[in-house]
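Engineer: Sequence first, predicted model second:
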Amino acid sequence: MLNIFFSFFLLCGTAAYAQEAVKTAATESQAAPAQQQNKYAPEILQAIKNLTVLAERSAEIPQAKLDALAPEIAVFNHKVKAALGSEILADIARKEKDQDDRIRSAKAKRTLQSFRAALQVYYGDKGGAYPKNPELMVPKEIQAVPEIRLPEHEPSSKIRIIDSKKYDKGYSKAVSDSGGWLYFSSRDSDNYGLLLLDCSHKEAGGAEFFRY
């Protein structure tokens, strides 16, 4: 039942996002000329505030009250979506995806740095040798093969291992866009010990992920 209630927040991402929206809308409302102000702005802002508080503190409210409120919230949400229209909703969805992609990208790059650092520790401990498979570092250098969730991909901790010199003239040709890891294990390869994000998508404003 709570899923119906919280569907309202699909319109504004999260409660934190809603709070920021309240501040922004209030500022814009105060700055706009009187004749351009939405006469329903105070009621809209109050509804957002109340729903934000309700989302954050729902655990303190009797379940029966939430169950009784949920159908009305569902109807209200449907009407709000209809008022916003497909173009605005599509714009909101795009912005939410962009934000999610930025979060995924930043986390994946941090995970890549940590994973590479663990490989260097292994290399030092083994007298200048990388593992044939990074899974051999579990559980000493790492607790488990890290999972990444790159934009346009499902979460993955799978490792594609290249045990040859086939891609010495261009490691980019080894990228299969699996959304997991790509690792070069051959001692004879110029890429020996190289760990990459196996993703050919570009980060927003940046390069393809495999180039990091």
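Structural biologist: Yep, it's here. Residues are numbered from 1 along each chain as shown.

Engineer: Regarding this protein, what is its longest helix?
Structural biologist: helix 63-125 (DSSP state H).

Engineer: What average pLDDT does it get?
Structural biologist: Averaged over helix 63-125, pLDDT sits at 96.

Engineer: helices and strands around it, which ones?
Structural biologist: When contacts are defined as 3 or more CB pairs under 8 Å, 6 or more residues apart in numbering; DSSP states H and E, helix 63-125 packs onto helix 2-6, strand 195-197. Any C-beta I mention is one placed from the backbone N, CA and C, and that applies to glycine too.

Engineer: Following the chain onward from that helix, which element is next?
Structural biologist: Downstream of helix 63-125, the next assigned helix or strand under DSSP states H and E is strand 159-162.

Engineer: buried sites along that next one?
Structural biologist: Residues of strand 159-162 classed as buried by neighbour count (16 or more other CB atoms under 10 Å): 159, 161-162.

Engineer: Lowest average pLDDT across the helices and strands packed on helix 63-125?
Structural biologist: For these, mean pLDDT drops lowest on helix 2-6, to a mean of 45.

Engineer: Now find how far off-centre the longest helix of the chain is within its chain.
Structural biologist: Chain-centre distance of helix 63-125: 6 Å, with CA atoms, centre = their mean, to the nearest Å.

Engineer: got a list of what the spatially closest residue to G206 that is not a sequence neighbour touches?
Structural biologist: Of all residues not flanking G206 in the chain, S105 sits nearest, at 7.8 Å (CB to CB, 6 or more residues apart in numbering). Residues in contact with S105 (CB atoms under 8 Å, 6 or more residues apart in numbering) are 150-151, 203-204, 206, 209.

Engineer: okay, now the domains of this protein?
Structural biologist: Following automatic domain parsing, the chain resolves into domains at 2-99, 102-211.

Engineer: So which of those domains has the densest surroundings on average?
Structural biologist: Stretch with highest mean neighbour count among the domains of the chain: domain 102-211 (a mean of 16; mean count of other CB atoms under 10 Å).

Engineer: which one among the contacts of S105 gets closest to G128?
Structural biologist: Using CB to CB, F209 is the member of the contacts of S105 that lies nearest G128, at 28.5 Å.

Engineer: Verify the stated contact: the closest one with H201.
Structural biologist: Yes. F209 lies in contact with H201 (CB atoms under 8 Å); the separation is 6.1 Å.

Engineer: Show me the common contact partners of those two, please.
Structural biologist: Joint contacts of F209 and H201 (CB under 8 Å, 6+ apart) are L150.

Engineer: K109 - nearest residue in space that isn't next to it in sequence?
Structural biologist: Closest residue to K109 apart from its sequence neighbours, by CB to CB, 6+ apart: Y212 at 5.6 Å.

Engineer: Then D190?
Structural biologist: Counting by CB to CB, 6+ apart, D168 is the residue found nearest to D190 once chain neighbours are left out, at 4.5 Å.
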